[in-house]
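K.L.:
Okay, structure incoming, though there's no sequence with it:
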């Protein structure tokens, strides 16, 4: 049983943050319900872990191997339970998972995996990494991928230490997320606030009104427009081999949930030096902003809370599509240079006109 009670994800002051967690993780797991006691820490945590898991060029299978190895070394059962299904989905075999505890004596791992696991053991057990361990990964990974591997190992050591210090367990009872129930009940209809003279309104009423309007917009987008690019988002590849970038022009897309993804200025993403195919992907995101003072009682410490939720976006390249993303281009690597795969057809909303993409 956890050492602290889990925070309620239905609280109005974390509504925007919880929406982001659900969009990027699928649900509010025990760890995030505990972190919600501190919304600023939760926001930073979510940003870091989303970058590590969804925006990095590092192989998903390699990432999950080192995460589960960290869980084994630190005795973090919750961490292992959450990541074993992800590892299998990323291509790690059950035989490899079974051999992870004594990977050094197993022949089930590639030279790259063995080098990464040795680095994981060194960083987790000793902190100060020997040159030989670090040099062993150099032949296999680009500088970007090495940084991402090191940060992944460090980040998930942080995760396991937080889990074990707070004794978070998957069997713990936790709060049921009810936010969507007020806007999109199981009957299929939407629910809005009924205003009347003399009514006393609270934060929950205004939050419910926001959810109602957003649910209507998402429903409209899903059923009338579908998902894909609505306009713009032209793709350009530039740079020299080994230092290429892919640029996404401004535009609008709609994801499978009906969320609108608007990119207002061109964004350039670095491309890895190695690989086979990559998908350029965009997703909807939110950011809490404009902090304002909150009235405090006598003797209470002053607090601030974000007063606005900025609707923004995320963009990245990865070998596989993420469930919350809209894939807008596919790239292939040949003779050391990334080029657009002309056979790939990006999804488009109904009535959208395709934009031409170029490579230079």
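P.N.:
Nice, thanks for sending it over. All figures in this text were calculated on a predicted structure; none of them were measured in a lab.
K.L.:
Could you count how many residues lie near residue 295?
P.N.:
7 (other C-beta atoms under 10 Å). No exception for glycine: its C-beta is placed from N, CA and C like everyone else's.
K.L.:
The one 10 residues further on too?
P.N.:
Residue 305 is surrounded by 14 other residues when neighbours are defined as other C-beta under 10 Å.
K.L.:
Surely it forms part of a strand?
P.N.:
Yes: according to DSSP: H, G, I helix; E, B strand; the rest coil, residue 305 belongs to a strand.
K.L.:
which stretches of this structure have low pLDDT?
P.N.:
178-189, 296-302, 352-360 (pLDDT under 70).
K.L.:
got the residue ranges for the helices in it?
P.N.:
Ranges of helices within the chain are 15-25, 30-35, 39-50, 60-74, 77-90, 94-99, 111-125, 131-135, 143-166, 179-183, 203-220, based on DSSP state H.
K.L.:
Which among those helices is found nearest to residue 173?
P.N.:
helix 30-35 (9.6 Å; C-beta to C-beta).
K.L.:
rewinding a little: in TSV: the helices of the chain, plus mean neighbour count and distance to residue 316.
P.N.:
Shown next, in TSV, are the helices of the chain (neighbours: other C-beta atoms under 10 Å; distance: least, C-beta to C-beta, whole Å):
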stretch	mean neighbour count	distance to residue 316
helix 15-25	20	12
helix 30-35	22	21
helix 39-50	17	10
helix 60-74	22	13
helix 77-90	18	16
helix 94-99	14	26
helix 111-125	19	21
helix 131-135	12	26
helix 143-166	18	12
helix 179-183	17	26
helix 203-220	15	23
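K.L.:
Which one, of the ones you listed, ends up nearest to residue 229?
P.N.:
helix 203-220 (17.4 Å).
K.L.:
and the helices of the chain as CSV, adding distance to residue 320?
P.N.:
As requested, those are exported to CSV (distance: least, C-beta to C-beta, whole Å):
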stretch, distance to residue 320
helix 15-25, 16
helix 30-35, 23
helix 39-50, 16
helix 60-74, 7
helix 77-90, 8
helix 94-99, 18
helix 111-125, 18
helix 131-135, 28
helix 143-166, 16
helix 179-183, 27
helix 203-220, 25
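K.L.:
How about the one residue sitting closest to the centre of the chain, nearest residue that isn't a chain neighbour?
P.N.:
For the chain, residue 50 is the residue whose C-alpha lies nearest the centre (C-alpha atoms, centre = their mean; 3.2 Å). Of all residues not flanking residue 50 in the chain, residue 24 sits nearest, at 5.3 Å (C-beta to C-beta, 6 or more residues apart in numbering).
K.L.:
Surely that neighbour and residue 54 touch.
P.N.:
Yes: contact criterion C-beta atoms under 8 Å: residue 24 and residue 54 qualify, at 7.3 Å.
K.L.:
For residue 204, give me its contacts.
P.N.:
residue 12 (C-beta atoms under 8 Å, 6 or more residues apart in numbering).
K.L.:
Kindly report the same for the one 3 residues further on.
P.N.:
Taking C-beta under 8 Å, 6+ apart as the definition of contact, the neighbours of residue 207 are 12, 15.
K.L.:
what do you get for residue 267?
P.N.:
Contacts of residue 267 (C-beta under 8 Å, 6+ apart): 247-248, 315.
K.L.:
Please tell me how far the closest residue to residue 103 other than its chain neighbours sits from residue 227.
P.N.:
Of all residues not flanking residue 103 in the chain, residue 117 sits nearest, at 5.2 Å (C-beta to C-beta, 6+ apart). For residue 117, the distance to residue 227 (C-beta to C-beta, to the nearest Å) stands at 39 Å.
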